[in-house]
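Trainee: here you go, sequence then predicted model.
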Amino acid sequence: MEILEAKNIHKSYAEHKALEDVSISIPKQSVFGLLGPNGAGKTTLIRIINQIIEADQGDILIKGEKLNPNHIRLIGYLPEERGLYKKMKVGEQLIYLGELRGLSHRDAIEKSKAWVVKLDIKEWWNKKIEDLSKGMAQKIQFISTVMHEPEIIILDEPFSGFDPVNANLIKDEILELRDNGSTIIFSTHRMESVEQMCDHIALINKSQKILDGTKKEIKESYKANTFVVEHNNELNGTLSGGYELLENSKLDENYYQSVIKINDGTGPNELIRNLIQKVEVHSFVERIPSINDIFIAKVEGKSHE
Amino acid sequence: MNKIILIIKREFLSRVKKRSFLLATILVPLIFPAVFGLLIYLKVQDEQNAEQEAVQVLIEQEDFKLEDTKRYKFTEVPGPLSTAVTAYKESSDMALIYIPEFTIEQPTGFVIHSKNTLGPSTINGLENLIEDKIRDKKLVVYDVDPETLEKLRTRVSLESIITQEGEEEGRESSAGIASAIGYVTGFLIYIFMFAYGGQVMQGVIEEKNSKIVEVIVSTVKPFQLMLGKVIGVASVGLVQIVIWIALMGTFYVAIGAYFGISNPRQEMTEQVTEQIAATADVDVNAEAIAENSEVTEIFSKIESIPFGYILFSFVFYFLAGYLMYGALFAAVGSAVDTPADAQQFMFPIMLPIILGFMGMALFVFDDPHGTVSFWLSIIPLTSPIVMMGRVGFGVPAWELILSMVLLVGGFVFTIWFAGRIYRVGILMHGTKVNYKILAKWFMMKN
């Protein structure tokens, strides 16, 4: 079931187009990666979903319903540019932000207290934000994003500013929220976190969506039928026409690594059968492109056009 | 709606809880009168302790002599003028006065030489001395007895009573007190518009810089955030004013008690002063009685002023005027990244405020019902200050209502206007903003 759909969104500012006919659909309880280089239009799309700005054309549907002010309660938003009221105490701030998202005063107190206990930062309750480190403030901001138990959590570069330990902690929290029923929209350039966490991906470049699908599908479709083989004896010139030797390097005495592409549409078994007649195979792995490779290939390919 | 109240509450509490708020609220009503009092005290002290100044006089007129006074010691020097001037240059005396031969009908040619520019009060004082001398001579020449002259002097004071249709009894008016009240309240509004407007701007810039604004506007409309902030700060101002009025009311009662205004004490003081007057140095006590009765008179005039009416106007013009400018200050804050960048946009906002204040000082006190005063108190940009200046003098009801209605229209307009700039501005970072860009933001659709 789709919890959020964007249909043919257009948005342009005075000088440039920020989004051009962008459609995405985000399944419930998924971790959806919204990728794209700087200035591609990700933040604009996120702002439209958050009702900060309005699309020129197109609709956003949440649970099949047109975007309206009641949806604010359903969304938690962590913007890329973090910020809290510096002079406000942690507790007051969490309660205030919770209430702004639609919690009652009592619920806001209860939930924010539960979260500071959970993240083990109870002793910060009465500290002012300006007295906290940047990483600490990030945690507070994370709590303020998720404390009202939103069904859709939009995280713009959630890990920037966290040390690896805290980044892991937050990652686990995000996955837990997903398991508890929330849908996560995740905008980032950090491909390793996409690789780890996302199950759906959309790539936006130059205000257009250029790629979209589950992580698995995308990776499948970008497989190039390329295999990495480690073997004894050299392969040079001994492969038949259906195969292409892309790389060939010597790793050790009489021990080589070759990258082979299958061009004639046959499968890996056929290749192995071919290989074992000529060399002794020690390892055989399909080369699967990383999201990073796909990202770079797509973005650069696009800009070369 | 609920969320605006949340925002107002936060803006209000975060300011009121600050120590600086408490200090300002308590200290301002103490400091201002204290500074004022200190200045008056110093001036009085200065006058009392002033040393006699040495003044040289070169007199060519027969039978003319200047007697020493408390402030001046006159020394006659020999002529001619050129030698006297040369000699004066070497002396350390304050001035050299040259009195040529003159006729008492047309005394001219008097000159004063000094090393520094003399203050107008000094020159006036010396002129008076010479004038008195000449008058004495005239009395002799025209054969007038000084006593007769004294008898000829008559003092009349016009008691001003305002009689308008619909009022049973005329009320006493006092131009002096009215203008004082107008000046003080108009000045307060002038100060408040800057002070609280500045606070709004500061708050907006802080929110924008700390980037929290993106989170907030994902939960409320930018317009709600702006309105909440403007109203929140207004309520801070209102609380501050109420506290000030309460404090000043307490002072008023206290000072009144001190000078014996409350009736039983007044009688007592009068009795006491009478007794003292009978026994002790008459001069001093006459002065004291005069002073006391003057104070009593001032107080009775103060009591004749319709405070409810003035207070209502004050609160109205403070709030409405502040709302009008507060929104504009918010728009400026939203457009810039630092307070320094705000300077360029402050000028057009400050101009009408300052114009209003100048208008009040120049026109209203001179002619509170004149054309300029009228228009300045009707046009919303200047009316908060100028109308307050006029209120003490009594303003026809229709003018007041017209001015208020226009002012309400004015702030509704500026809030709408500012809101359109604000909603775009708060999300823009690092743009070099000029008026053209502001216009573009204003026109931008959501």
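Mentor: All right, it came through fine. Numbers count the residues shown, from 1 in each chain, chains lettered A, B, ... in the order given.

Trainee: and the residue in the stretch 101-250 of chain A that chain B sits nearest to, what does it touch?
Mentor: Here the residue of the stretch 101-250 of chain A nearest chain B is residue A:101; by C-beta to the nearest C-beta that distance is 5.6 Å. All C-beta atoms are positioned from the backbone trio N, CA, C, and that covers glycine. Shown in contact with residue A:101 (C-beta atoms under 8 Å, 6 or more residues apart in numbering or on different chains): A:72-73, A:76, A:147-148, A:150, B:219.

Trainee: what sits against the closest residue to residue B:335 other than its chain neighbours?
Mentor: Counting by C-beta to C-beta, 6 or more residues apart in numbering or on different chains, residue B:425 is the residue found nearest to residue B:335 once chain neighbours are left out, at 4.3 Å. Residue B:425 makes contacts with B:208, B:331, B:334-335, B:433, B:441, as judged by C-beta under 8 Å, 6+ apart.

Trainee: what do you get if the cut-off is 10 Å, keeping everything else the same?
Mentor: Shown in contact with residue B:425 (C-beta atoms under 10 Å, 6 or more residues apart in numbering or on different chains): B:204, B:208, B:213, B:222, B:330-336, B:418, B:431, B:433, B:437-438, B:441.

Trainee: looking at chain A, which helix is longest?
Mentor: As assigned by DSSP state H, the longest helix anywhere in chain A is helix A:164-179.

Trainee: and the contacts of that one?
Mentor: Contact partners of helix A:164-179, identified using C-beta under 10 Å, 6+ apart, comprise A:29-31, A:76, A:78, A:115, A:118-120, A:135-136, A:138-139, A:142-143, A:146, A:149-151, A:153, A:155, A:158-163, A:182-184, A:186, A:190, A:193, A:196-197, A:199.

Trainee: now, these that are in helices?
Mentor: Under the assignment DSSP H, the contacts of helix A:164-179 contribute A:115, A:118, A:135-136, A:138-139, A:142-143, A:146, A:193, A:196-197 to helices.

Trainee: pLDDT check: weakest of the residues you listed?
Mentor: Across the ones in helices among the contacts of helix A:164-179, the smallest pLDDT goes to residue A:193, namely 78.

Trainee: quick one: that one from residue A:28, how far?
Mentor: Using C-beta to C-beta, to the nearest Å, we find residue A:193 at a distance of 21 Å from residue A:28.

Trainee: picking up where we left off before, between the contacts of residue A:101, which is nearest residue A:43?
Mentor: Residue A:43 lies nearest to residue A:76 out of the contacts of residue A:101, by C-beta to C-beta, at 16.4 Å.

Trainee: list the buried ones in the longest helix of chain A?
Mentor: Neighbour counts over helix A:164-179 (16 or more other C-beta atoms under 10 Å in any protein chain shown) mark A:166-167, A:169-171, A:173-174, A:177-178 as buried.

Trainee: before we move on, the earlier item: and of the ones in helices among the contacts of helix A:164-179, the nearest to residue A:242?
Mentor: Nearest member of the ones in helices among the contacts of helix A:164-179 to residue A:242, counting by C-beta to C-beta, is residue A:196, at 36.0 Å.

Trainee: what residue ranges in chain B score low on pLDDT?
Mentor: Of all residues in chain B, those with pLDDT under 70 make up the ranges B:1, B:159-176, B:256, B:258-305, B:446.

Trainee: residues of it that sit close to chain A?
Mentor: Taking C-beta under 10 Å from any C-beta of the partner chain as the criterion, chain B approaches chain A at residues B:2-3, B:6-7, B:9-10, B:13-14, B:17-18, B:206-222, B:225, B:423-424, B:426-427, B:429, B:437, B:440-441, B:443-446.

Trainee: in the stretch 1-150 of chain A, which residue sits closest to chain B?
Mentor: For the stretch 1-150 of chain A, C-beta to the nearest C-beta, closest residue to chain B: residue A:83, 3.0 Å.

Trainee: what about burial for the residues of chain B next to chain A, which qualify?
Mentor: B:3, B:6-7, B:10, B:14, B:206-222, B:225, B:423-424, B:426-427, B:437, B:441.

Trainee: and the residue with the largest distance to the centre of chain B, backbone torsions?
Mentor: Note on chain B: the largest C-alpha distance from the chain mean falls to residue B:80, namely 49.9 Å (C-alpha atoms, centre = their mean). Backbone torsions for residue B:80, taken as degrees, to the nearest 10, come to phi -70, psi 180.
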